[in-house]
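**Student:** Sequence first, predicted coordinates after that:
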Amino acid sequence: MGVPEGSAGAATLRYEGTDIELPVERPTLGRSAVDISGIGAHGLAVYDPGYANTAAYQSAITFVDGEAGRLYYRGYPVEQLAMSASFLDVAYLLIYGELPGSQQSEEFVAQVRAPKAVPHVAIERLFDWFPESMHPMAMLATATEALTAYAEEDSAADPGAKVEAAGVRLLSALPIFTGYAMSVVRGLPRGRSNRSLDYAEDLLQLCFTIPGSDHLPDNATARALNTLLILHADHELNCSTATLRLVASSGASFYSGVSAAINALWGPLHGGANQAVIRMLQEIKDSGKPLSYFLERARDKMDPFRLMGFGHRVYKNYDARAKVIRQVALDLVEKLAPADPLLEIALRLEEVALADEYFISRRLYPNVDFYSGIIYRAIGFPDEMFTPLFVVGRSAGWVAHWLEMATEGSRIGRPTQLYVGPVERSVPKAATTA
Ligand code: SDX
């Protein structure tokens with residue numbers, strides 16, 4: 001991975017006998033980008049379904065080297081952070097651009113862990129209303145939107161200070177919302193945040209402790225969850241972060257943007273894949289059919305079955321995060337759920353898929369969602385809680401992206417289209433009532 005060779009220079013587009021000179025933007029890392037913002041003057045637009053080749057913003061937060069299967073948060077390789085840093089220190093790095101010193105770390109943790117940050121009574125009344133049939137992702141999106149009612153930071157003059165205050169409130173609230181959602185899913189009383197614990201420990205005890213009992217999460221499980229939160233913290237302009245930025249570009253509230261991002265992440269092609277993977281592994285186990293049967297279905301364009309947790313828009317190599325998560329799964333499942341057959345199925349499925357021509361030719365590898373659900377399941381989470389845990393991690397990146405837009409400014413996002421509908425026509429006389 002290195003800076004692209006040659007000068008950024010310009011690109012020439014020849015169209016209907018005219019040469020159109022287009023400047024080329026050179027990034028610090030990754031693909032150079034043709035600046036087509038002036039192409040409209042020539043009566044042209046560009047067509048890029050799914051934005052696979054469209055750089056909509058400049059950003060300094062995260063870089064994904066898809067060819068090499070590497071991921072960098074503000075230049076630091078994610079695998080170095082995942083095994084050594086705390087999630088809140090990584091959140092600080094993503095938001096402010098540098099790892100915190102000990103005093104900065106203490107102050108940031110104190111802000112995020114401050115009890116005042118979450119309006120408990122009103123939020124609890126909201127969760128009292130949620131039926132058990134409601135998916136926890138809908139609960140998180142609704143509760144996050146409700147924070148707009150308490151956003152006194154919105155009165156701050158400085159856009160950066162407003163986002164920083166809102167970001168602290170969001171990081172503080174999401175473990176509580178996730179614990180409350182788990183209590184609805186389990187039909188059990190809600191826990192209380194224990195501010196003497198670290199972030200991952202408190203998230204675990206909010207989800208699993210029965211009020212009145214003194215159950216505290218074990219160290220190995222809390223460390224594994226801390227690693228998972230870090231690995232999920234940011235990933236450039238994925239579908240949900242791009243959604244967040246689009247909402248930010250209209251000047252809407254930070255919490256509305258995060259609520260929209262939560263809903264985008266919920267989709268099974270995106271963050272919802274971690275839940276879909278476990279259901280796929282369970283289907284494979286219950287079917288008694290060989291893995292070859294499922295690979296055949298995954299290759300069959302007429303069959304909607306896809307190998308969930310496999311493939312990625314950017315990674316054309318093993319997902320940097322999946323490598324770390326796979327090892328955490330092997331270590332933790334050995335300790336917590338040694339008899340879980342789904343891990344064995346996942347390992348064999350990876351082995352046969354990576355040796356299969358269809359997957360090799362399309363450069364399809366396990367992604368972040370392939371093994372993460374195995375870990376959450378070993379810890380004891382029901383599968384509908386897997387994507388909410390993705391939200392808790394990704395919230396750090398969402399704060400960073402919103403702050404980057406607030407401080408650097410942006411135009412409202414408004415893509416154009418390739419119109420293929422009818423040309424102008426008149427309403428038939430018979431159809432008009434006048
Ligand atoms: C996340 O963008 C991010 O950074 C996302 C994320 C993050 O951190 O924010 O990394 C998190 O969302 C990870 C992805 C989780 N989703 C899944 O695991 C769902 C299964 N994967 C696929 O649906 C798919 O791979 C996507 C959605 C992830 C990527 O879709 P693309 O980039 O649009 O790729 P594609 O659908 O055009 O696939 C290219 C080819 C196609 O075959 P051909 O038409 O060329 O013959 O690969 C095939 C696809 O049919 N293919 C698969 C497949 N994934 C791609 N075939 C079978 N099983 C799969 N999983």
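**Tutor:** Thanks, I have the structure now.

**Student:** So Thr12, which state does it fall into?
**Tutor:** Classification of Thr12 by DSSP: H, G, I helix; E, B strand; the rest coil places it in strand.

**Student:** measure it to Ile20 for me?
**Tutor:** Per CB to CB, to the nearest Å, Thr12 is found 7 Å from Ile20. Placement of C-beta: from N, CA and C, glycine included.

**Student:** more neighbours, the two?
**Tutor:** Between Thr12 and Ile20, counted using other CB atoms under 10 Å, Ile20 has the larger neighbour count: 16 against 8.

**Student:** For the stretch 101-250 of the chain, just list every one of the helices.
**Tutor:** Read by DSSP state H, counting those that start in this stretch, the stretch 101-250 of the chain holds these helices, from start to end of the chain: 102-112, 120-129, 136-146, 159-186, 199-208, 219-231, 239-249.

**Student:** low-scoring stretches of the chain, by residue?
**Tutor:** For the chain, residues meeting the criterion pLDDT under 70 lie at 1-7, 214-215, 434.

**Student:** show me what contacts the residue of the chain found nearest the ligand?
**Tutor:** Closest residue of the chain to the ligand, CB to the nearest ligand atom: Gly311 (2.4 Å). Neighbouring residues of Gly311 by CB atoms under 8 Å, 6 or more residues apart in numbering: 362, 364-365, 367.

**Student:** Check Gly97 too.
**Tutor:** If a contact means CB under 8 Å, 6+ apart, then Gly97 has 60, 74 as its contacts.

**Student:** Can you get me a residue count around Pro23?
**Tutor:** Pro23: 15 neighbours (other CB under 10 Å).

**Student:** wait, I meant Asp198
**Tutor:** 15.

**Student:** Repeat that for Leu418.
**Tutor:** As a burial measure, Leu418 scores 8 neighbours (other CB under 10 Å).

**Student:** cool, and Leu291?
**Tutor:** Using other CB under 10 Å, Leu291 has 15 other residues around it.

**Student:** Without its sequence neighbours, what residue ends up closest to it?
**Tutor:** Val352 (5.2 Å; CB to CB, 6 or more residues apart in numbering).

**Student:** My read is that Thr12 contacts Thr18, right?
**Tutor:** No. Contact criterion CB atoms under 8 Å: Thr12 and Thr18 do not qualify, at 10.2 Å.

**Student:** thinking again about what came up before, alpha carbons of the helix or strand where the residue nearest to Leu291 lies, as PDB, please.
**Tutor:** Per DSSP states H and E: Val352 is located in helix 341-354. Output of helix 341-354 as PDB, limited to C-alpha atoms (Å, rounded to 0.1, in the frame of the first residue of the first chain):
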ATOM      1  CA  PRO A 341     -21.500 -26.800  16.700                       C
ATOM      2  CA  LEU A 342     -22.000 -23.500  14.800                       C
ATOM      3  CA  LEU A 343     -18.300 -22.500  15.200                       C
ATOM      4  CA  GLU A 344     -17.300 -25.800  13.700                       C
ATOM      5  CA  ILE A 345     -19.700 -25.300  10.800                       C
ATOM      6  CA  ALA A 346     -18.400 -21.800  10.200                       C
ATOM      7  CA  LEU A 347     -14.800 -22.900  10.100                       C
ATOM      8  CA  ARG A 348     -15.600 -25.700   7.700                       C
ATOM      9  CA  LEU A 349     -17.800 -23.400   5.600                       C
ATOM     10  CA  GLU A 350     -14.900 -20.900   5.300                       C
ATOM     11  CA  GLU A 351     -12.500 -23.600   4.300                       C
ATOM     12  CA  VAL A 352     -14.700 -25.000   1.500                       C
ATOM     13  CA  ALA A 353     -15.800 -21.500   0.200                       C
ATOM     14  CA  LEU A 354     -12.200 -20.200   0.100                       C
END
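
**Student:** Quick check: buried residues in the helix or strand that that helix is followed by?
**Tutor:** On the C-terminal side of helix 341-354, the nearest following helix or strand under DSSP H and E is helix 357-361. Buried residues in helix 357-361, counted by 16 or more other CB atoms under 10 Å: Phe359.

**Student:** now do stretch 258-278
**Tutor:** Under 16+ other CB under 10 Å, the buried positions of stretch 258-278 are 258-266, 268, 270-278.

**Student:** Restricting to C-alpha, output that stretch in CSV.
**Tutor:** Extracted as CSV, the C-alpha positions of stretch 258-278 are listed here (Å, rounded to 0.1, in the frame of the first residue of the first chain):
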residue,chain,number,x,y,z
VAL,A,258,-27.6,8.6,14.0
SER,A,259,-31.2,7.2,14.1
ALA,A,260,-31.2,7.0,10.3
ALA,A,261,-27.7,5.4,10.3
ILE,A,262,-29.0,2.7,12.8
ASN,A,263,-31.8,1.9,10.4
ALA,A,264,-29.5,1.6,7.4
LEU,A,265,-27.1,-0.6,9.4
TRP,A,266,-30.0,-2.9,10.3
GLY,A,267,-30.3,-4.3,6.7
PRO,A,268,-29.1,-7.9,6.3
LEU,A,269,-26.7,-6.9,3.5
HIS,A,270,-25.0,-4.5,6.0
GLY,A,271,-24.8,-4.7,9.8
GLY,A,272,-27.8,-7.0,10.0
ALA,A,273,-25.6,-9.7,8.4
ASN,A,274,-24.2,-10.8,11.8
GLN,A,275,-27.7,-11.9,12.8
ALA,A,276,-28.3,-13.5,9.3
VAL,A,277,-25.0,-15.5,9.6
ILE,A,278,-26.1,-17.3,12.7
